[in-house]
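Visitor: Below are the sequence and a predicted model for it; my questions follow.
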Amino acid sequence: MAKKPASSDFDSQLKELEALVLQMERGELSLEESLAQFERGIALLRGCETQLKAAEQKVQILSQQNGSERLSDFGEAE
């Protein structure tokens with residue numbers, strides 16, 4: 001089975017997190033449901049942060065040339 005791309009996983013986690021926030025903001029959940037949703041939200045947030053850090057590290061690695069870091073503006077021509 002093919003592995004799902006990380007960006008797809010990130011997008012689905014972010015979408016679920018946004019839905020949880022909206023649900024909790026409505027204030028229609030019981031205390032127990034709110035706590036369970038909060039716990040799930042924290043897990044989703046940590047997963048998103050981990051994926052963002054990994055993506056940032058990849059960008060830094062890819063932007064290195066000849067052992068020295070060379071960062072430039074996105075629109076800058078090579």
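Guide: The structure has been received and is ready for your questions.

Visitor: now residue 22: how far from residue 14?
Guide: For residue 22, the distance to residue 14 equals 13 Å [CB to CB, to the nearest Å]. C-beta: built from backbone N, CA, C; applies to glycine.

Visitor: Between the two, point out the one with more neighbours.
Guide: Ranked by neighbour count (other CB atoms under 10 Å), residue 22 and residue 14 place residue 14 first, with 16 against 9.

Visitor: ok, now which ones touch the more buried one?
Guide: Residue 14 sits next to 44, 48 when contact means CB atoms under 8 Å, 6 or more residues apart in numbering.

Visitor: May I ask which helix or strand encompasses it?
Guide: helix 6-26 (DSSP states H and E).

Visitor: What helices and strands are in contact with the helix or strand that comes right after that helix?
Guide: Downstream of helix 6-26, the next assigned helix or strand under DSSP H and E is helix 31-62. Contacting helix 31-62 under the criterion 3 or more CB pairs under 8 Å, 6 or more residues apart in numbering; DSSP states H and E are the following elements: helix 6-26.

Visitor: buried stuff in the helix it packs on?
Guide: 10, 13-14, 17, 20 (16 or more other CB atoms under 10 Å).

Visitor: can you redo those residues as CSV with distance to residue 36?
Guide: Listed next are those as CSV, based on distance: CB to CB, whole Å:
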residue, distance to residue 36
10, 23
13, 17
14, 19
17, 14
20, 10
